[in-house]
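Engineer: okay, here's the prediction I keep looking at, along with the sequence it came from:
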Amino acid sequence: MTAEVVLRVTAVVLTLLLARGARNRVAAFAMGALAGFAVFGWRAHSMPFAGGAALQAACLVALGATGAARAWPPITGDGLSAGTLAATGAACAAAVSGRHLPGWQEPALVAIVLVVVSAFAAEATRASAEAGWREWIAWTSALLLPVLLAAALAGLFSGVPRRFQPLAVAGMLVVAVLVWAPAVLAERARVSRELAEEVTLGLLPEEDAVALRLPWTRGFEKRFGRPVERREYVRSALLLAVARHQQRHRTGEAERLRQLEVLTFRTRLRRMQDARASRFDRREPGEFGEAPAPESPGSL
């Protein structure tokens, strides 16, 4: 057994341990880098074809799913952050491993890794917010889609003329972004549906519910307060939508646990709304008070 084999086995163990803390940024990057080293090793001898790319993608996905399935965040923003860091770490490991590959093979290998990890992260985010048979379908997609994409992209790259290889690599990077579209659309539909009922119950302002639908509106909504307060408010509202959605598709003890989560996030939102309202309504002492009457000369 060589030293590299021992290091790769150690990397597998560490990846599984770090995957439980995938929501932590440092842990997510380290998990991706270790998983990439465990799969690609210190030096790749050649650019994998469709079958080899599918096998390597399956190994990457298996490492991520085994450790992070229970801890993966259900919110698109958190999942995108964790997925991007994990993909960057795995891509760095692939770049080091493929540093001796000729031409555009190394960038292609890096781009395929970015697509694989991004596709897994996007589908894992969507699966973590689901319940029942929808959750199983989403997790199946998280396991199969990256493997199919890796095989298709590697096969496409091997058949592309050399002068078009830079375009192929650029197309792969576009795919790494587009794989997040289903998760974003699913979150938008979930937030629109679940928070609309909170508005009907009088527990959430309608303007807040509209702003919370999309990342680029809720991330810059000034009414949500300062950046730290905005992040906490948005996170609580999105988790409330997830808890309500999961409660609809569960029964028994699981349904009661989701009801407790719903109450918890409602209370948290109400507390932040009250704090925001009190801050906006607060007036400085004497700011709107009556002006004092001028003193008469006889009062001296």
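Structural biologist: On my side now, so go ahead.
Engineer: residue ranges for the helices of the stretch 101-250 of the chain, please.
Structural biologist: Secondary structure of the stretch 101-250 of the chain (DSSP state H, counting those that start in this stretch): helices located at 105-128, 133-158, 165-178, 181-200, 206-211, 215-218, 227-248.
Engineer: among those helices, which comes closest to residue 75?
Structural biologist: Distance to residue 75, taken as CB to CB, is lowest for helix 227-248 among the helices of the stretch 101-250 of the chain, at 4.9 Å. Heads up, the C-betas are built off the backbone N, CA and C, glycines and all.
Engineer: I'd like the helices of the stretch 101-250 of the chain laid out as JSON lines, including distance to residue 17, mean neighbour count and mean pLDDT.
Structural biologist: Shown next, in JSON lines, are those (distance: least, CB to CB, whole Å; neighbours: other CB atoms under 10 Å; pLDDT from 0 to 100):
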{"stretch": "helix 105-128", "distance to residue 17": "18", "mean neighbour count": "27", "mean pLDDT": "95"}
{"stretch": "helix 133-158", "distance to residue 17": "21", "mean neighbour count": "19", "mean pLDDT": "93"}
{"stretch": "helix 165-178", "distance to residue 17": "26", "mean neighbour count": "16", "mean pLDDT": "95"}
{"stretch": "helix 181-200", "distance to residue 17": "26", "mean neighbour count": "17", "mean pLDDT": "92"}
{"stretch": "helix 206-211", "distance to residue 17": "39", "mean neighbour count": "16", "mean pLDDT": "89"}
{"stretch": "helix 215-218", "distance to residue 17": "31", "mean neighbour count": "14", "mean pLDDT": "83"}
{"stretch": "helix 227-248", "distance to residue 17": "26", "mean neighbour count": "20", "mean pLDDT": "89"}
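Engineer: what would the ones you listed look like in a markdown table with distance to residue 4?
Structural biologist: A markdown table is the format used below for the helices of the stretch 101-250 of the chain (distance: least, CB to CB, whole Å):
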| stretch | distance to residue 4 |
| --- | --- |
| helix 105-128 | 18 |
| helix 133-158 | 23 |
| helix 165-178 | 28 |
| helix 181-200 | 36 |
| helix 206-211 | 51 |
| helix 215-218 | 41 |
| helix 227-248 | 42 |
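Engineer: show me how far the longest helix that the chain contains is from its chain's centre.
Structural biologist: For the chain, the longest helix by residue count, based on DSSP state H, is helix 252-281. Taking CA atoms, centre = their mean, to the nearest Å, one finds helix 252-281 lying 23 Å from the centre of the chain it belongs to.
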